[in-house]
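**Q** I'd like to go over a predicted model; first the sequence, then the structure.
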Amino acid sequence: MNDAEKKTFGFSSNVFFLGIVSLLTDVSSEMIFTLVPLFLSNVLGAATTVVGLVGGISDSTDALFRIASGWISDKIGKRKLLAAMGYGISTVVKPFMYLAHAWGVVLAVRFADRVGKGIRTSPRDALVAASSPAEERGKNFGLHRAMDTFGAMLGLSIAAFVIYQVQGGGLKLSLETYRWLVVIGVIPAFIAVLVLLTMVREKGAEKRQSADLPSAKGVSTFDCRFKIFLCIMALFTLGKSSDFFVILRAQNLEVPLIQVTLMLVLLNVTYSFVSLPAGMLSDKLGRRKVIILGWLVYALVYLGFALAMNAWSVWLLFAVYGVYQGITEGVARAFVADIVGGERRGIAFGLYHGVVGLLALPASIIAGWLWDAFMPAAPFFFGAGLAFISAVALALFIRE
């Protein structure tokens, strides 16, 4: 019996346990890294432009590694090996956040963490695709995103509890609180690596001879729809600044730290609940329509962040922001898997994640500049406009 036929709770065992790995990793990452913008601003006194720089580099560092690891995984047929290397690197560097005393140290740790993420993401997504029947691909990617996001929700819930216990309802993050988050947060990361090593099985059926693999020149031979999709994703991502700015916007509206953390929990609740139904819906209606819907929701949410005046509206916006993520994240990956053949999915996912990652840096630098040069609402107006244009472009230029 092959991996695709083995079931755990009605899903491929590989997909399910990769979901568990992502769940545990996100528990750790959300506890340690989600509040980094507040750590930089409140504890280290860094300027908003520095926060944007750290966020942008964090989001884009992994881009080249995603491309390279995707290509290598196609060449050697070892998706699990590369995924384990990536998860291992991220796990090893997380404890060093306990010692961070300057924004350069934070940047160095985040850089190493994102190198690990870059190495693991494309091979892992290719492994999910290889373990999924075509007619259930949207559902399986939806499950993976739902479990990943449930981990984020759990991690943020633990973070909220720690914050309440250590510093109560204050507006700003303290050094003591953050160090407790790091100490507790490293534990699930180590467990995640053990689950990956023991419960996930390699898929070797897609291994090819190196002569048959897409070279840098051969990338141009991908389906035209894939290339157009990458271009539209680049446009969308240019307006999608780091989520650091969403967190800073909440604090800019004088939302207490404990409430900001709970808002992030709410975001991940809606993300988690929407991911699986959105994936299943895309199996029936088509990926493109669902992605367009998600981008229109994003445009409305960013417009809302630009116009928000009080805390209650921010609660609503965080909830709907999770809906956008649940609609699009897994479906976009399933769309890539649909367009590109199995033997080339590693490099395809690498290019997809690479485009998103590389554009994250200029997107966050632009957002930081707009925030400082004009007003906190400016980066959100910019992002809403590009999201709407991208949705129209996807509707006009790509057919399923």
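**A** Structure received.
**Q** helix, strand or coil: sort out residue 31 for me.
**A** helix (DSSP: H, G, I helix; E, B strand; the rest coil).
**Q** can you pull the contacts of it?
**A** Taking Cβ atoms under 8 Å, 6 or more residues apart in numbering, we find residue 31 in contact with 155-156, 158-159, 162, 181-182, 184-185. C-beta here means a position set from N, CA and C on the backbone, and glycine is covered the same way.
**Q** nearest residue to it in space, please, no chain neighbours.
**A** Here the nearest residue to residue 31 in space, its sequence neighbours aside, is residue 185; by Cβ to Cβ, 6 or more residues apart in numbering that works out to 3.4 Å.
**Q** what's the answer for residue 327, then?
**A** Spatially, and ignoring its direct neighbours in sequence, residue 327 is nearest to residue 294 (3.5 Å; Cβ to Cβ, 6+ apart).
**Q** low-confidence ranges in the stretch 301-400 of the chain?
**A** Screening the stretch 301-400 of the chain residue by residue with the criterion pLDDT under 70, one finds the ranges 342-343.
**Q** element containing residue 241?
**A** Element membership of residue 241 [criterion: DSSP states H and E] is none; it lies in no helix or strand.
**Q** hang on, isn't it packed against residue 52?
**A** Yes - A contact is recorded between residue 241 and residue 52 when judged using Cβ atoms under 8 Å, the distance being 7.4 Å.
**Q** buried residues in the helix or strand encompassing residue 141, which are they?
**A** Taking DSSP H and E as the criterion, the element that holds residue 141 is helix 137-167. Judged by neighbour count (16 or more other Cβ atoms under 10 Å), helix 137-167 contains these buried residues: 137-160, 162-163, 167.
**Q** need the strands for this protein, in chain order.
**A** Along the chain, the segments classed as strands by DSSP state E run 7-8, 11-12.
**Q** what's in contact with the first one?
**A** Just to be clear, that refers to strand 7-8. With contacts defined as Cβ under 8 Å, 6+ apart, strand 7-8 is touched by 13, 16-17.
**Q** strand partners of it, parallel vs antiparallel please.
**A** strand 11-12 (antiparallel) (DSSP bridges).
**Q** how near is the residue nearest to residue 348 when sequence neighbours are not counted to residue 319?
**A** Take residue 348 and drop its neighbours on the chain: the residue closest to it by Cβ to Cβ, 6+ apart is residue 340, 3.9 Å away. Taking Cβ to Cβ, to the nearest Å as the measure, residue 340 and residue 319 are separated by 34 Å.
**Q** looking at these two, which is more packed in?
**A** Applying other Cβ atoms under 10 Å to residue 340 and residue 319 shows that residue 340 carries more neighbours, namely 23 against 16.
**Q** circling back to that earlier point, in helices only, show me the contacts of strand 7-8.
**A** Per DSSP state H, helices hold the following members of the contacts of strand 7-8: 13, 16-17.
**Q** and which of those residues is nearest residue 389?
**A** If you rank those by distance to residue 389 using Cβ to Cβ, residue 16 comes first, at 37.9 Å.
**Q** poorly predicted segments of the stretch 1-150 of the chain, please.
**A** Using pLDDT under 70, the stretch 1-150 of the chain drops low at 1-6, 59.
**Q** would you list every one of the helices in it?
**A** All helices of the stretch 1-150 of the chain, identified by DSSP state H, counting those that start in this stretch, fall at 13-33, 36-38, 48-60, 62-76, 79-93, 103-130, 137-167.
**Q** dump those helices into a markdown table; add distance to residue 399 as well.
**A** Conversion of the helices of the stretch 1-150 of the chain to a markdown table gives the following (distance: least, Cβ to Cβ, whole Å):
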| stretch | distance to residue 399 |
| --- | --- |
| helix 13-33 | 28 |
| helix 36-38 | 40 |
| helix 48-60 | 30 |
| helix 62-76 | 25 |
| helix 79-93 | 30 |
| helix 103-130 | 22 |
| helix 137-167 | 18 |
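**Q** which one of those helices lies closest to residue 194?
**A** Each of these has some distance to residue 194 by Cβ to Cβ; the shortest is helix 13-33, at 9.3 Å.
**Q** quick check: angle from the closest one to helix 103-130?
**A** Helix 13-33 runs at 170 degrees relative to helix 103-130, counting by axes from the mean of the first three to the mean of the last three Cα atoms, to 10 degrees.
**Q** please begin residue numbering at 11 from this point
**A** Got it, the first residue is 11 from now on, which makes the last one we talked about helix 23-43.
**Q** give me the distance from helix 23-43 to the chain's centre.
**A** Between the centre of helix 23-43 and the centre of its host chain there is 12 Å, according to Cα atoms, centre = their mean, to the nearest Å.
**Q** could you give me the buried positions within it?
**A** When burial is assessed from 16+ other Cβ under 10 Å, helix 23-43 yields the following buried residues: 23-43.
**Q** now do it and helix 58-70, the angle between them.
**A** Computed with the same axes, to 10 degrees, the direction of helix 23-43 lies at 160 degrees from that of helix 58-70.
**Q** tell me, what residue is most central in the chain?
**A** Centroid-nearest residue in the chain: residue 339, 7.9 Å away (criterion: Cα atoms, centre = their mean).
**Q** enumerate every residue touching the residue nearest to it when sequence neighbours are not counted.
**A** Leaving aside its chain neighbours, residue 339 sits nearest to residue 155 (5.0 Å; criterion: Cβ to Cβ, 6+ apart). The neighbours of residue 155, taking Cβ under 8 Å, 6+ apart as the test, are 281, 285-286, 289, 336, 339-340.
**Q** by neighbours, which of those wins?
**A** Compared across the contacts of residue 155, residue 340 has the highest neighbour count, 32 neighbours, by other Cβ under 10 Å.
**Q** what about that one, distance to residue 390?
**A** If you measure residue 340 against residue 390 using Cβ to Cβ, the figure is 25 Å.
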